[in-house]
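Colleague: Dropping the sequence and predicted coords here.
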Amino acid sequence: MISLTTLIIIVTVLVSLAAFNKAEVFQKSLMNPYLVFHKKEYWRLIASGFIHGSYIHLGFNMFTFYFFGRVVEQVFGQVLGGSSTIVFVLFYLSAIVVSDLPVAFKRKNDIHYNSLGASGAVSAMVFASILYYPLNDICLYGIFCLPGFILGIIYVVYSYYQGRNMSDNINHEAHLYGAIYGAIFGIVVNPHSAISFIDQIKTYRIF
């Protein structure tokens, strides 16, 4: 049976490919805060999470989501049983919206600002996974590996400062808010995970 993670990846790839080939689909799906709030085009808050700026952008997001999404999906299944399907999909879709909302409110009068991609939702999945398994190594480019909780701290600090600088045309604030939302949602689904997270961290030794 196909996993929800794989199904979401398939849908995202298909929508992204359609947007690559049809400018109208791409333009209608962009998260443009001005159009969202002044023209009430609220669908953009979700649709923007299913389109990407390039094949590399799409590939990186879906590659990351594949590994971390399956972990979260499995934990949800163990904790929630049959209702995990609805909760997992709700988590992913709401993460797309929540990760973009702070910037959307901030830039709601800027008609030229656009944002796109699943990065906020993917960050939420990564941080929910880190919450559940903080000592599992996460490897960058398959070479540089660190325990998830350490890499998570670095990621949050980096996203915060890059979000303030806004020097590289990347919505780092969506990454940051997605990460925070992922950890909070993960705790709501499995409250014991907060205690387990702390207990696991206490056992960590560098050497």
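Modeller: Structure's in. What do you need?

Colleague: alpha carbons only for contacts and neighbour counts from here, please
Modeller: Fine.

Colleague: Who are the packing partners of the longest helix along the chain?
Modeller: Criterion DSSP state H: the longest helix present in the chain is helix 55-80. Contacts defined by 3 or more CA pairs under 8 Å, 6 or more residues apart in numbering; DSSP states H and E place helix 55-80 against helix 4-21, helix 84-106, helix 119-132, helix 172-189.

Colleague: residue ranges with poor pLDDT in the protein?
Modeller: Along the chain, segments meeting pLDDT under 70 span 141-142, 163, 165-170.

Colleague: 80 instead, please
Modeller: Where the chain drops to pLDDT under 80, the residues are 1, 140-144, 160, 162-172, 206-207.

Colleague: Would you indicate which residues of the longest helix of the chain are buried?
Modeller: Along helix 55-80, these residues count as buried under the neighbour rule (16 or more other CA atoms under 10 Å): 58, 61-62, 65-66, 68-73, 75-77.

Colleague: how far away is Ser94 from Phe144?
Modeller: From Ser94 across to Phe144, the span is 31 Å (CA to CA, to the nearest Å).

Colleague: Leu176 too?
Modeller: 22 Å.

Colleague: same thing with Phe65?
Modeller: Distance check for Phe65 against Phe144: by CA to CA, it reads 19 Å.

Colleague: Chain neighbours aside, what residue packs nearest to Tyr177?
Modeller: Nearest residue to Tyr177 in three dimensions, chain neighbours excluded: Ser99, at 4.9 Å (CA to CA, 6 or more residues apart in numbering).

Colleague: is it true that the one you found touches His175?
Modeller: Yes. Between Ser99 and His175 there is a contact under CA atoms under 8 Å: 6.9 Å.

Colleague: can you list residues touching both of these two?
Modeller: Gly120 (CA atoms under 8 Å, 6 or more residues apart in numbering).

Colleague: Looking at these two, which has the bigger crowd around it?
Modeller: A side-by-side neighbour count of Ser99 and His175, using other CA atoms under 10 Å, places Ser99 first with 29 against 26.

Colleague: Roughly how far does that one sit from Leu116?
Modeller: In terms of CA to CA, Ser99 sits 11 Å off from Leu116.

Colleague: Ok, Leu90 next?
Modeller: Taking CA to CA, one finds Leu90 at 19 Å from Leu116.

Colleague: who has more neighbours, these two?
Modeller: Set Leu90 next to Leu116 and count neighbours by other CA under 10 Å: Leu116 wins out with 25 against 11.

Colleague: how would you label the residue lying closest to the more buried one once chain neighbours are set aside: helix, strand or coil?
Modeller: Leaving aside its sequence neighbours, Leu116 sits nearest to Ser48 (CA to CA, 6+ apart; 4.8 Å). Look at Ser48: counting by DSSP: H, G, I helix; E, B strand; the rest coil, its state is helix.

Colleague: Over to the one 4 residues further on?
Modeller: Applying three-state DSSP to His52 yields a three-state assignment of coil.

Colleague: Would you double-check that Ser159 falls in a strand?
Modeller: No. Applying three-state DSSP, one finds Ser159 to be helix, outside a strand.

Colleague: That one contacts Tyr177, correct?
Modeller: No. Using CA under 8 Å, Ser159 is not in contact with Tyr177, being 9.3 Å away.

Colleague: Nice, that's everything, thank you.
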